[in-house]
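[1] here is a sequence with its predicted model. Questions after.
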Amino acid sequence: MKIKGLYFVVDISFVEKVGVEKLSEIVERAIKGGVDVIQLWADEAKWQLNFKEFFDVAKKLIDVAHKYNVPVLIANDVELCAKLNADGIHLDGYEIPKQSGEEIREIIGSDKIIGITCGNDIKKIEWAKQNGVDYISFCSIFPTSSVDSCEIVPLEMIKKAKEILGEDFPVFASGGITIENVSDVLTAGADGVAVISAIMKSENPEEVSSKFKEKILSAK
């Protein structure tokens, strides 16, 4: 499945602050505003401490997204992705994954989506090409507190990735993306942008998503 557009990374642990109904409402309003794909993420330690609660929240959010035919990806945990029957997996971090794309699809299903985070190391991009990955996402394009573990990736890496992977291969940009700077990454060649805080912390997720989506569509 080829994905592009507006990608919303949902921190499941946010449920501890707002409750499952409010978190579901944020996700649904973001989708109504134009979100095309959702990734469910949480710190690994929090997942381990709150597995049952987070698992149930993930199922609830998948149900919400699927009402609108929006795919949901799980961050990093291939086995969990399979248990939730989610639409795919996103592997962040800069290291080369221990499992091949073929091995991952044996667990999550041959029709599922695989995405990876890339930094400034060309080898990770080449791995994506060799392993049938569906998309890559660069982190972080701009400084941000949400993804403070990411290295800064220059916009030129988007063009370099396209040269390696092919012009039609989906490339996302993430990290510090705002309404004010989103045009910079789209002009550089990104097929979409991944957003966390700008939507999650907004009082009007639908309006913010709509503004991002408008920028993405106008860049085509």
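    Nice, I can see it.
[2] is A75 in a bridge, and if so with what?
    Applying DSSP bridges to A75 yields these beta-bridge partners: H90.
[3] burial count for it?
    Using other C-beta atoms under 10 Å, A75 is surrounded by 23 other residues. In this view, the C-beta of every residue, glycine as well, is placed from N, C-alpha and C.
[4] quick one: it from T117, how far?
    As defined by C-beta to C-beta, to the nearest Å, A75 lies at a distance of 10 Å from T117.
[5] which residues are common contacts for those two?
    H90, L91, D92 (C-beta atoms under 8 Å, 6 or more residues apart in numbering).
[6] let's have the residues you listed in a markdown table, adding pLDDT.
    Converted to a markdown table, the shared contacts of A75 and T117 look like this (pLDDT from 0 to 100):
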| residue | pLDDT |
| --- | --- |
| H90 | 97 |
| L91 | 96 |
| D92 | 90 |
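[7] let's have those in JSON lines, adding distance to L40 and neighbour count.
    Shown next, in JSON lines, are the shared contacts of A75 and T117 (distance: C-beta to C-beta, whole Å; neighbours: other C-beta atoms under 10 Å):
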{"residue": "H90", "distance to L40": "9", "neighbour count": "25"}
{"residue": "L91", "distance to L40": "14", "neighbour count": "20"}
{"residue": "D92", "distance to L40": "12", "neighbour count": "20"}
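[8] mind listing what V20 touches?
    V20 neighbours (C-beta under 8 Å, 6+ apart): D56, V57, K60.
[9] which of these count as buried?
    Among the contacts of V20, those classed as buried by 16 or more other C-beta atoms under 10 Å are V57, K60.
[10] buried sites along the worst-scoring helix or strand of the chain on mean pLDDT?
    Least confident helix or strand, the chain: helix 44-49 with a mean of 89, by mean pLDDT, DSSP states H and E. Neighbour-count burial for helix 44-49, counted by 16+ other C-beta under 10 Å, picks out W47.
[11] give me the contacts around the biggest helix by length in the chain.
    Identified as the longest helix of the chain according to DSSP state H is helix 51-66. For helix 51-66, the external contacting residues (C-beta under 8 Å, 6+ apart) are 10, 12-13, 15, 20, 23-24, 27-28, 31, 38, 40, 42, 46-47, 71-72, 74, 80, 83-84, 86.
[12] how far out from the middle of the chain is it?
    Chain-centre distance of helix 51-66: 16 Å, with C-alpha atoms, centre = their mean, to the nearest Å.
[13] average pLDDT across that helix?
    Here helix 51-66 scores 97 as its mean pLDDT.
[14] dump the shared contacts of A75 and T117 to TSV, plus distance to I179.
    What follows is the shared contacts of A75 and T117, written out as TSV (distance: C-beta to C-beta, whole Å):
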residue	distance to I179
H90	23
L91	28
D92	24
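[15] show me which of the residues you listed is closest to K123.
    L91 (14.6 Å; C-beta to C-beta).
[16] skipping adjacent residues, who's closest to the closest one in space?
    I116 (4.8 Å; C-beta to C-beta, 6 or more residues apart in numbering).
[17] go ahead and measure how far the strand or helix carrying that neighbour is from the middle of the chain.
    Following DSSP states H and E, one finds I116 within strand 113-118. The chain centroid and the centroid of strand 113-118 are separated by 8 Å, computed with C-alpha atoms, centre = their mean.
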